[in-house]
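Peer 1: predicted coordinates and the sequence they were generated for:
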Amino acid sequence: MSGDPRPFPSRLVVAIGGNATHPENIRGTSREQKEIARITAQALLPLARLENELVITHGNGPVVGKILLRQALTANRVPPMTLDICVAHSQGGIAYLLMQALENALREVDNARHVACLLTQVEVDPDDKAFKKPTKPIGPFFTKEQAIEVQRELGWNMIEDSGRGWRHVVPSPSPKHIVDLSLIQALVTRGTVVIAGGGGGIPVVRGPKGTRQGVEAVIDKDLTSAHMANVMGIKDLMILTAVPRVAINFGKPNQQFLGKVSLSEIKALNAEGHFPAGSMGPKIEAAIRFLEGGGARVTICDLHQTIEALRGETGTTIVAD
């Protein structure tokens, strides 16, 4: 697909995958996490240098899974935290590293733009069917033999994840309301890059008088990103991945990358089963919800090709019909 002279969006939500902030091939040391944040910040810098309203969300699957595993291994010494608090820990830690790295990257090019991270609660339905059927993989990968042992020892639900190994799965309810969204809007309006909704947000349920309490779940960050953009009236959503474009017949001899497609076309391909739940499926579902909710364009691309994708030179662009 050739490039086109489309303008850069003045308002944009960018969703970064959990594996971009904590890849599978690292041990997870502080030094490694800071270096990954630096690399991610350099990839985001071209977007942050534009005159725009920019909201960044991020996944937390690998990190929150390791927090749970760390707790399980030390449970006889330190009382474990509930999953909602673990999500909050991962949200704050990842956002801190990314906020610092992105501000440092901006200062290195003499840009005074500020970056802020907001601890974000997201309301879910307590009766969401996801609580009865956990589907969200988190944490490290295990062999089948290891998974059987982990399930026996810790009582975790373990599933095979897209041919890559076995992982712990937890409930993943749909986001219904992002708490204090007005604060995110207030910050982006004054030019601040806002990191919010990390890990899909801290899952909470709302009581009859407006009180909230956390629940044991991990919300899909792409669905939260789509919902956030819709409510804020932002027309562009960018989902960053480890691949240059979305593909159909992935991994097969007739694999085909997608350039620009319409909402109706992507829905038809999704119905044909081209996007498995363990890989591209959640991103496509988020794209569909976003466009059906009033969005205009979804760009799915590699983390390091953001500007090129916005120009239409790479990535997959999904547009409303």
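Peer 2: That came in fine, so what should we check first?
Peer 1: check contacts around Thr40.
Peer 2: Under the criterion of CB atoms under 8 Å, 6 or more residues apart in numbering, the neighbours of Thr40 are Ile16, Ala20, Thr21, Leu98, Ala101, Leu303. Any C-beta I mention is one placed from the backbone N, CA and C, and that applies to glycine too.
Peer 1: that one belongs to a strand?
Peer 2: No - residue state for Thr40 (DSSP: H, G, I helix; E, B strand; the rest coil) corresponds to helix; a strand is not indicated.
Peer 1: and the gap between it and Val87?
Peer 2: Here the distance between Thr40 and Val87 works out to 20 Å (CB to CB, to the nearest Å).
Peer 1: same question for Lys283.
Peer 2: Lys283 sits 20 Å away from Val87, taking CB to CB as the criterion.
Peer 1: of these two, who's got more company?
Peer 2: Neighbours were counted for Lys283 and for Val87 using other CB atoms under 10 Å; Val87 has more, 30 against 25.
Peer 1: wait, that one sits on Val204?
Peer 2: No - look at Val87 against Val204 with CB atoms under 8 Å: they stay out of range, at 10.1 Å.
Peer 1: which residue, other than its chain neighbours, is closest to Glu51?
Peer 2: Ranked by CB to CB, 6 or more residues apart in numbering and with sequence neighbours excluded, the top spatial neighbour of Glu51 is Ser10, at 7.4 Å.
Peer 1: what about Ala116, which helix or strand?
Peer 2: In this structure, Ala116 sits in strand 115-117 according to DSSP states H and E.
Peer 1: any idea how far that strand is from the middle of the chain?
Peer 2: When distances are taken as CA atoms, centre = their mean, to the nearest Å, strand 115-117 is centred 17 Å away from the chain's centroid.
Peer 1: repeat for stretch 229-244
Peer 2: With CA atoms, centre = their mean as the basis, the mean position of stretch 229-244 lies at 10 Å from the chain mean.
Peer 1: just stretch 191-208 next, same as before
Peer 2: On the basis of CA atoms, centre = their mean, stretch 191-208 sits 12 Å off its chain's mean C-alpha point.
Peer 1: and stretch 240-252, by the same measure?
Peer 2: Relative to the mean C-alpha coordinate of its chain, stretch 240-252 is positioned 17 Å out (CA atoms, centre = their mean).
Peer 1: wait, doesn't Val243 sit right on Asp302?
Peer 2: Yes - with contact defined as CB under 8 Å, Val243 counts as touching Asp302 (6.4 Å).
Peer 1: need the overlap of contacts for the two.
Peer 2: With the criterion set as CB under 8 Å, 6+ apart, the contacts of Val243 and Asp302 do not overlap.
Peer 1: secondary structure class of Asn111, three-state.
Peer 2: Local secondary structure at Asn111 is given as coil here, using three-state DSSP.
Peer 1: the strands in the stretch 1-150 of the chain, which residues?
Peer 2: The residue ranges that make up the strands of the stretch 1-150 of the chain, judged by DSSP state E, counting those that start in this stretch, are 11-16, 53-58, 115-117, 121-123, 136-142.
Peer 1: neighbouring strands for the third one, and are they parallel or not?
Peer 2: Applying DSSP bridges to the sheet, strand 115-117 is found paired with strand 193-195 (parallel).
Peer 1: next helix or strand past the strand it pairs with?
Peer 2: strand 202-206.
Peer 1: follow-up on the earlier one: can you report how many residues neighbour the residue nearest to Glu51?
Peer 2: Around Ser10 there are 13 other residues, counting by other CB under 10 Å.
Peer 1: so what pLDDT did Val87 get?
Peer 2: Here, the pLDDT recorded for Val87 equals 96.
Peer 1: dump the residue contacts of it.
Peer 2: Contacts of Val87 by CB under 8 Å, 6+ apart are Asn60, Val64, Gly199, Gly200, Gly201, Ile202, Pro203, Val218.
Peer 1: kindly indicate which of the residues you listed lies nearest Lys136.
Peer 2: Distance to Lys136 across the contacts of Val87 (CB to CB) is lowest for Val218, with 5.0 Å.
Peer 1: that older thread, which one among the contacts of Val87 gets closest to Ala320?
Peer 2: Gly200 (24.0 Å).
Peer 1: quick one: low-confidence parts of the stretch 151-300 of the chain?
Peer 2: Counting by pLDDT under 70, the stretch 151-300 of the chain has low-confidence residues at 278.
Peer 1: do I have it right that Thr306 meets Leu240?
Peer 2: Yes - Thr306 sits in contact with Leu240 when judged by CB under 8 Å, with a separation of 7.1 Å.
Peer 1: give me the more crowded residue out of those two.
Peer 2: Neighbour totals were compared for Thr306 and Leu240, and Leu240 leads with 26 against 22 (other CB under 10 Å).
Peer 1: check which helix or strand the more buried one maps to.
Peer 2: Per DSSP H and E: Leu240 is located in strand 236-241.
Peer 1: pull up the pairing partners for that strand, direction included.
Peer 2: Partner strands for strand 236-241, per DSSP bridges, with pairing direction: strand 11-16 (parallel), strand 297-302 (parallel).
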